[in-house]
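K.L.:
sequence and predicted model, in that order:
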Amino acid sequence: MTPPLLSLSALTKAYPGVVANDSVSLEISAGQVHALLGENGAGKSTLVKMIYGLVKPDTGTMQMNGAPFTPSEPRAARAAGVGMVFQHFSLFDAMTVAENIALGMEHAPKLSALSAQITKVSEAYGLPLSPDRIVGDLSAGERQRVEIIRCLLQEPKLLIMDEPTSVLTPQEVGILFKTLRKLSAEGTAILYISHKLEEIRTLCDHATILRLGKVVGECTPRDTTAREMAEMMVGKLLQTPTRAGQTAGDTVLTLTNLTAPAPNAFGMALKDISLELRSGEILGIGGVAGNGQDELLAALSGERPVARGMISYKGTDIGPHGPTLRRKAGLLAAPEERMGHAAAPDMSLTENAMLTGAARMGLDKSGFLDWPAARTFAEAVIAKFDVRTPSAASAARSLSGGNLQKFVIGREVMQAPEVFVVNQPTWGVDASAAADIRQALLDLAKNGAALIVISQDLDELMEISDRFAALNEGRLTPPRPAQGITVEEIGLMMGGAHDMEVAHV
Amino acid sequence: MIALVKRPEASRAFSLAAPLLAVLATMVFGGLLFMALGKDPFEAITTIFWEPLFGEFAFFYRPQLLIKGAPLVLIAIGLSLGFKAGIWNIGAEGQYIMGALFGAGVGLAFYPIESAFIFPLMVIAGAFGGWIWAMIPAILRVKFGTNEILVSLMLVYVAEQFLASMSLGLLKNPEGFGFPGSRNLQQYASTHNADLIAGSGMHWGVVAAFIAVIFAYVLLARHRLGFAIRVTGDAPRAAAFSGVNPARLVLFCLGMSGLLAGLAGMFEVSGPAGQVTIDFNVGYGFTAIIVAFLGRLHPVGILFAGGLMALTYIGGDIAQSKMGLPAAAIQVFQGMLLFFLLAFDLFTNYRLKFGRTETA
């Protein structure tokens, strides 16, 4: 038998106070699509970082095709045939696709030659992408293609993909899967990290499940239910969010022809958005990233106030009001980007609790800040939302993404909002935490709050929304009842011309 | 291979140790510099750091420490508020000059009436002079998005021209036998910012500096505005999301630093300097930038840093006259202090990783 493409044996990596990987072994054979599953903090990132040469294991060995494999840096890993597509793209908005790809290459060929190569690879793998387009104009799905093509140009033997579908439309996911299957048929192994269990079931041949740094199970996803996999991952029985069917109450928030210019060259203008939101209902807003989600949230949170008459909250015109006034009135929001937008990275959780809690939690006593009360509030959020952190004095940046997200959502939920607007509530959060967050959102609605949930995760929107609308090029489709809506209809609501082109390929 | 690795959280120990390490490194490398100039490094270092405090003439130098330290601290406190929020007022020197001109102008307008109201009026005028000068870059930034670094710096040179014009024209002493410069405020009781205890160096500017330290400390630790400043410096988008109005913050930070610099100028012209002259400003506004960073933008740190900087000024002067060290060498020495501070500061958030390079 030929040796597997990559075999890891007893890899251990410890950081001060935590063993990120504890004697992890796994094997990936050529052409295999191998899923890596686990909660946040289970050690998935550390493991792939070791394979990609970003982190050096303390003990244990790796073998590539039977020969020892010890990449000291990503360059060495790439030379050995490992490519990685990160969850966060590292692309320059102001440059073209070809220029961006050239920047990441060791010996970049002339741009014209490279463009030809890009076109060739993109056609071969069904990833339509013009090398001359400016990255700032691309959708998230197209940006991901840039990253994938950047990897494919190096003809990798192993492609690592970290949460690749979180920013894609269903149609784009379909295209991506086609590409991955084609790669796999050609013998490229794929290490696929995702929380979306259904996806793993459709795509992957084999799954390794990590919990607290250890391998806790392996399975063949096709023969395992999503629930079984999730429970292996979490180590306990999962609760599916429950919702009480209830009737919507009075209208609390009305948007009337909400229009706002794009905040910068790569932003999106909001165009004539109108909707009515009733207490007790959840309005799900879908759409491909970059179609006005951030801008809509900023307009609603008050970060970028809008003209008079466009936003009415319980009969008051709050268009020109800033965030503090809106919070006091009960309109709260949580933006998509946790680090640097929803939370200040170098500040403690107590200080971050003050950030949005000051107005509504009485932490601001005529200008003077009540730090002990802020600490109590932060600790309450940490306890209620199971935020894993040594203390409320820890810096926000020391928390993992999922934990910080729980804190950010919890901070707003615990202020008992009357209207809560949230963008990507469970982005990059593990299944168990995501279920908790969704349950918290449903509970808010049950208690009479009105919610707008903006998300690119359609399963999530379908799970919790009463009504569904989609953002496309800064316009909002008329909301329609979420019950009975099909994926194709959603695709059409989300679809601008650029999505349809993709769908034909 | 040596690599810099970001720490998950800022190291508190290093944040406290960095200034001390910087002073030590400055002593070592400064000593080497003095040695290269053919002077005894140990004598030079003791002259700079020991002589003013405990030497033979310490009774003369100690009050000088307060006199030199007070304006540095007063200005640096103001600057640190803006620096913390990423608002860069580089023109404190100009605001210092304008504060002095406004203060002296108001005082001299009353000459020769004696009244207890004149000095408080001068304080207000001095603060206003510095504030209004800082409002120029502030409003230009808020309205037109200009760069406050350039505008505030350029306004220093404008203020210097004003100073020259005033000392040769409007404020020139009519009884000064044609010499440039205003009447001596020290000789006009109502305007004299005298030592509160004779010979102690403790004038109203020193009191103001201490008040400013306490004010800034409370503002940053306890007040909404101080919190807004800190959040803006850490994450501007998070600040905007939390409800901070960036324009108002620019106006406040630049205004406050101008106001304090103006006060420093006013206390200087009515006290230690005594009169408006062409060469009234000696660079306090620029040195205060070093003081602000040396004090790690923390009010108490700035208090110590101001003292240390005053020490190197006075000690440097002594070393110049006693050992014949060139003035430029002293300036290099002071520059080293900031350089090493910034260098060691890096280790608050990063640590060195020593490791071998391996190839796969």
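P.N.:
Right, received. Where do you want to start? Treat the numbers as computed from the prediction; the structure is a model and nothing was measured.

K.L.:
quick one: the nearest residue to residue B:267 once chain neighbours are set aside and residue A:38, what's the gap?
P.N.:
Nearest residue to residue B:267, sequence neighbours excluded (C-beta to C-beta, 6 or more residues apart in numbering or on different chains): residue B:205, at 3.0 Å. All C-beta spots, glycine's among them, are computed from the backbone N, C-alpha and C. As judged by C-beta to C-beta, to the nearest Å, residue B:205 and residue A:38 stand 62 Å apart.

K.L.:
next one: residue A:200
P.N.:
From residue A:200 to residue A:38 the distance is 12 Å (C-beta to C-beta).

K.L.:
again, but for residue A:494
P.N.:
From residue A:494 to residue A:38 the distance is 30 Å (C-beta to C-beta).

K.L.:
now swap in residue B:332 and tell me
P.N.:
56 Å.

K.L.:
those two: which is more packed in?
P.N.:
residue A:38 (26 against 15; other C-beta atoms under 10 Å in any protein chain shown).

K.L.:
wouldn't the more buried one be in contact with residue A:431 here?
P.N.:
No. Contact status for residue A:38 versus residue A:431: not in contact, 9.7 Å apart, counting by C-beta atoms under 8 Å.

K.L.:
closest point of the stretch 201-350 of chain B to chain A, which residue?
P.N.:
residue B:243 (3.7 Å; C-beta to the nearest C-beta).

K.L.:
for that residue, list the residues it contacts.
P.N.:
A:302, A:322-324, A:327, A:359 (C-beta atoms under 8 Å, 6 or more residues apart in numbering or on different chains).

K.L.:
sec struct for residue A:8, please.
P.N.:
Following DSSP: H, G, I helix; E, B strand; the rest coil, we place residue A:8 in the strand state.

K.L.:
pairing partners for it in the sheet, please.
P.N.:
residue A:26, residue A:62 (DSSP bridges).

K.L.:
hmm, which of the contacts of residue B:243 is lowest in pLDDT?
P.N.:
Within the set of the contacts of residue B:243, pLDDT is lowest for residue A:359 (87).

K.L.:
now that residue: which helix or strand?
P.N.:
Using DSSP states H and E, residue A:359 maps to neither a helix nor a strand.

K.L.:
mean confidence score for stretch B:168-177?
P.N.:
89.

K.L.:
pull the CA atoms of that stretch into CSV?
P.N.:
C-alpha atoms of stretch B:168-177 as CSV (Å, rounded to 0.1, in the frame of the first residue of the first chain):
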residue,chain,number,x,y,z
LEU,B,168,9.3,94.9,18.3
GLY,B,169,5.9,96.6,18.0
LEU,B,170,2.7,96.6,19.9
LEU,B,171,4.0,95.2,23.2
LYS,B,172,7.4,96.9,23.1
ASN,B,173,8.4,98.6,26.3
PRO,B,174,7.9,102.4,25.7
GLU,B,175,10.6,103.0,28.3
GLY,B,176,13.0,100.3,27.1
PHE,B,177,15.5,102.6,25.3
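
K.L.:
distance from the chain centre to it, please.
P.N.:
With C-alpha atoms, centre = their mean, to the nearest Å as the basis, stretch B:168-177 stands 30 Å off its chain's centre.

K.L.:
low pLDDT regions in the stretch 101-250 of chain B?
P.N.:
Scanning the stretch 101-250 of chain B for pLDDT under 70 picks out no residues.

K.L.:
is chain B within reach of stretch A:253-268?
P.N.:
No. Figure legend: stretch A:253-268 not in contact with chain B (C-beta under 8 Å from any C-beta of the partner chain); closest approach 10.6 Å.

K.L.:
tell me which residues of that stretch come out buried.
P.N.:
Neighbour-count burial for stretch A:253-268, with 16 or more other C-beta atoms under 10 Å in any protein chain shown as criterion, is recorded at A:253-256, A:258, A:260, A:267-268.
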